[in-house]
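Visitor: structural data only, the sequence is not supplied:
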């Protein structure tokens, strides 16, 4: 059985981690999902002071170091940090495509970030979508052209809100094949 562990990167609310865990178990019923008690320190070297953001690829490499320690095939880092990669203003997450490590940011998933009223249900739904999306990448899926598929690239929060937390039929079949291996 495939095992995924969720690794808090810095301080992350326990109920948010539990919600992501529960959602991943629903989407991937044949996968074991645990939340690590260990908290990964935020790497200072990842911070870019001119952007006031954290370089996600650097943090992702540190998340990958926990795969062996956690005795899991995949580690999903969850952070409250504003993440970026060069050439993009921000990212909601990053993953090793057909790899072991994924990382999501909760920072821009909160409605308050966009000046809207706090909405816990919407925030948790967004977090699950991004977690499923990045885990999908670790299982070898690329971006999907179906705007309702969880593997659709989110260029904005609007894209995240419009897609579902589930895979389209084509991506679902690819996930099933990946999980058989």
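Guide: Perfect, thanks for sending it. None of these values were measured; they are calculated from a predicted model.

Visitor: next, residue 93: phi, psi?
Guide: phi -180, psi 180 (degrees, to the nearest 10).

Visitor: who's in contact with the closest residue to it other than its chain neighbours?
Guide: Among residues not flanking residue 93 along the chain, residue 104 sits closest, at 3.8 Å (Cβ to Cβ, 6 or more residues apart in numbering). Quick note: C-beta positions are derived from backbone N, CA and C, even for glycine. Shown in contact with residue 104 (Cβ atoms under 8 Å, 6 or more residues apart in numbering): 76, 77, 78, 79, 92, 93, 127, 130, 131, 134.

Visitor: who's residue 104 bridged to?
Guide: Going by DSSP bridges, residue 104 is paired in beta bridges with residue 78, residue 93.

Visitor: roughly how far apart are it and residue 70?
Guide: According to Cβ to Cβ, to the nearest Å, residue 104 and residue 70 sit 17 Å apart.

Visitor: with residue 146 instead?
Guide: Residue 146 is 32 Å from residue 70, by Cβ to Cβ.

Visitor: and the residue lying farthest from the centre of the chain, which of the three is it?
Guide: The centre of the chain is farthest from one residue, residue 50, which by Cα atoms, centre = their mean lies 25.0 Å away. The three-state label given to residue 50 by DSSP: H, G, I helix; E, B strand; the rest coil is coil.

Visitor: lowest average confidence, helix or strand, in this protein?
Guide: Least confident element among the helices and strands of the chain, by mean pLDDT, DSSP states H and E: helix 66-69 (a mean of 85).

Visitor: helix or strand right after the helix ranked longest in the chain?
Guide: Of all the segments of type helix in the chain, defined by DSSP state H, the longest one is helix 120-138. Per DSSP states H and E, the first helix or strand lying C-terminal to helix 120-138 is helix 157-162.

Visitor: outside of stretch 91-102, which residues touch it?
Guide: Contacts of stretch 91-102 (Cβ under 8 Å, 6+ apart): 56-57, 60-61, 63-64, 66-67, 73-77, 83-85, 103-105, 108-109, 130-131, 133-135, 137-142, 154, 160.

Visitor: mark which of the residues you listed are buried, thanks.
Guide: 56, 60, 63-64, 66-67, 73-77, 83-84, 103-105, 108-109, 130-131, 133-135, 137-139, 141, 154, 160 (16 or more other Cβ atoms under 10 Å).

Visitor: thought residue 138 was touching residue 74?
Guide: Yes: with contacts counted by Cβ atoms under 8 Å, residue 138 reaches residue 74, the gap being 5.2 Å.

Visitor: what about residue 158, neighbour count?
Guide: 10 (other Cβ atoms under 10 Å).

Visitor: ok, the one 10 residues further on next?
Guide: The tally of other residues near residue 168 (other Cβ under 10 Å) stands at 19.

Visitor: same check on residue 24?
Guide: 21.

Visitor: thanks a lot, see you next time.
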